[in-house]
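A.B. asks: Let me see the structure of the following:
(one chain, ligands or ions: 1)
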Amino acid sequence: MTNSKVALVTGAGQGIGRAIALKLAADGFDIAVADLSFQQEKGEGVVREIEALGRKAVFVTADVSSKDEITAAVDTAAEKLGSFDVIVNNAGIAQVKPISEITGEELDKIFRINVNSVVFGIQAAVAKFDELGVKGRIINAASIAAIQGFPILGAYSASKFAVRGITQAAAQELAPKGHTVNAYAPGIVGTGMWDLIDERLSEINGKPRGQNLQENVDSIALGRIEKPEDVAGVVSFFASDNAGYVTGQVLLVDGGMLYN
Ligand code: NAD
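C.D. replies: Next up, the predicted model:
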């Protein structure tokens, strides 16, 4: 009997990461649910949801800004689940501040979590793919802010532009080994991240809570806020046999906000 394919999803305790983990499980993958240790309870809940779908799952603690921790998480996933085929470098944070107020510490923090993590995740995954003789899939979290800079989200936009650059470069470097590297670029997704962005924008521009979110949603052609499941569908495609000839792409999944 051959083992099922295995995917590790970072930041999978909640939000978009959770939806991706569940969708890939429904597609037939066994899943390593990776998140920070304080998210363990939520992560174990996602593990139980995956097991209810008839797939194997484990929770692994990893701060993605640490190369050692993401490498250990990949090792644990492969050891406990028996293969390693896909990494989804999903974990990320937002910062909501005018450029003139961003501190060096804040820049370091957002780049460690949103950018260094993607490089470390790629390094750890490629080492494992090569060890196991797997042609792997690497899927990174970009954003509409990877395509266009957004005001008051300058550091976040810079970090997501960087993810786009890494995705394009890594796709070309890793193509000779048969690994593909792509990224998903969501728009306005109703998760904890947008709760925070809306709250901070309110403090900065004085609009009532919810109004900044609503104004952004009003600009979406398909006329509704994005659901984590909308993003998961694109990740499912990138992880599937149908995407075998797709690499280096950053796919907008934003309901019609940006057109490129
Ligand atoms: P979220 O805040 O709901 O969830 C993020 C998850 O990442 C949490 O479980 C958190 O614990 C985890 N995480 C944070 N820092 C981590 C670290 N250092 N190590 C490991 N895990 C860590 O956010 P979300 O909306 O689900 O966002 C997921 C990804 O999608 C992010 O990369 C985000 O930038 C991107 N994205 C989100 C939106 C949106 O509108 N929500 C839009 C575009 C892109």
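
A.B. asks: surely Lys67 meets Gly121?
C.D. replies: No. With contacts counted by Cβ atoms under 8 Å, Lys67 stays clear of Gly121, the gap being 9.3 Å. C-beta: built from backbone N, CA, C; applies to glycine.

A.B. asks: more crowded one of the two?
C.D. replies: Gly121 (28 against 15; other Cβ atoms under 10 Å).

A.B. asks: who touches the helix or strand hosting the more buried one?
C.D. replies: Using DSSP states H and E, Gly121 maps to helix 117-132. With Cβ atoms under 8 Å, 6 or more residues apart in numbering as the test, helix 117-132 has contacts from 8, 10, 64-67, 70-71, 73-75, 78, 83-85, 87, 89, 91-92, 134-136, 138, 140, 163, 166-167, 170, 174, 177, 179, 181.

A.B. asks: If we use 6 Å, what do you get?
C.D. replies: Outside helix 117-132, the residues within contact range by Cβ atoms under 6 Å, 6 or more residues apart in numbering are 64-65, 67, 70-71, 74, 78, 84, 87, 89, 136, 138, 140, 163, 166, 170.

A.B. asks: Give me the subset of these that lies in strands.
C.D. replies: Among these, the members found in strands (DSSP state E) are Ile87, Asn89, Ile138, Asn140.

A.B. asks: Return the residues of the stretch 101-250 of the chain in contact with the ligand.
C.D. replies: Within the stretch 101-250 of the chain, the residues that sit near the ligand (Cβ under 6 Å from any ligand atom) are Ile113, Ala141, Ser143, Pro186, Ile188, Val189, Thr191, Gly192, Met193, Trp194.

A.B. asks: Recalculate using a threshold of 5 Å.
C.D. replies: Counting by Cβ under 5 Å from any ligand atom, the stretch 101-250 of the chain comes close to the ligand at Ile113, Ala141, Ser143, Pro186, Val189, Thr191, Gly192, Met193, Trp194.
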